[in-house]
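Undergrad: output the structure for:
(one chain, ligands or ions: 1)
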Amino acid sequence: MSKVNKNKIILFAADSMLGRLAKCLRIMGYDTIYRSHYKENELSELSKKGRIILTKNRKTYSSYPNALLINHDKVGSQVKIVDRSISLTRDHSAWFKRCSICNSLLSRVEEDEARENVPDFVFSNYPKNILFCPVCKKFYWPGTHKDNILKKFRDWGFK
Ligand SMILES: [Zn+2]
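TA: Purely as a prediction, here's the structure:
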């Protein structure tokens, strides 16, 4: 039985050791906090704010009412564990809207700014599809990296 209420906006906090899972959830559009080390009480505060706690630690899992135990090392299996409890979105329009590194929402970039900041071949292929992370100051665009992620998601059952 899942302890998670499915009828709310889904926010996650991924415990240490779940960095790759956090990245995947961010790419799927989910607001996911991740730190390699949490301060004392930090997870507890995040849980009180309504975040679902994802953890590999049984003790942590049993400490929170809205937690999922991620008892697997492979990121694909970890995503599937979350999906079984929460039914992650298959809506591609929600994907690639959030920075996988820092969790910020990406913003669209004007064509002039994009032209100055990305390689020429990228700009000529995707002039209207360049996104920017305001925190990391990193530009994102479609291409091989994105295709590889999509392939992985497909392999995990996200068509
Ligand atoms: Zn960022």
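
Undergrad: domain map for the chain?
TA: 11-89, 107-155 (automatic domain parsing).

Undergrad: end to end on the last one, go ahead and measure it.
TA: With Cα to Cα, to the nearest Å applied, domain 107-155 spans 28 Å between its terminal residues.

Undergrad: that domain vs the ion: in contact?
TA: Yes: on the criterion Cβ under 5 Å from the ion, domain 107-155 is in touch with the ion at Cys133, Val135, Cys136. Placement of C-beta: from N, CA and C, glycine included.

Undergrad: what about the most centrally placed residue in the chain, distance to the ion?
TA: Central residue of the chain (Cα atoms, centre = their mean): Arg26, 1.6 Å from the mean position. Distance of Arg26 to the ion, given as Cβ to the ion, to the nearest Å: 9 Å.

Undergrad: what's near enough to touch that residue?
TA: Thr32, Arg98, Cys99, Ser100, Asn103 (Cβ atoms under 8 Å, 6 or more residues apart in numbering).

Undergrad: what strand or helix carries it?
TA: For Arg26, the enclosing helix or strand under DSSP states H and E is helix 19-27.

Undergrad: all strands for the protein, in order.
TA: For the chain, the strands defined by DSSP state E cover 11-14, 31-34, 52-55, 67-69, 107-108, 131-133, 138-140.

Undergrad: can you redo the ones you listed as JSON lines with mean pLDDT?
TA: Shown next, in JSON lines, are those (pLDDT from 0 to 100):
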{"stretch": "strand 11-14", "mean pLDDT": "98"}
{"stretch": "strand 31-34", "mean pLDDT": "98"}
{"stretch": "strand 52-55", "mean pLDDT": "98"}
{"stretch": "strand 67-69", "mean pLDDT": "98"}
{"stretch": "strand 107-108", "mean pLDDT": "94"}
{"stretch": "strand 131-133", "mean pLDDT": "96"}
{"stretch": "strand 138-140", "mean pLDDT": "94"}
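
Undergrad: for the spatially closest residue to Arg35 that is not a sequence neighbour, grab the count of nearby residues.
TA: Leaving aside its sequence neighbours, Arg35 sits nearest to Ser16 (Cβ to Cβ, 6 or more residues apart in numbering; 6.8 Å). When neighbours are counted by other Cβ atoms under 10 Å, Ser16 registers 15.
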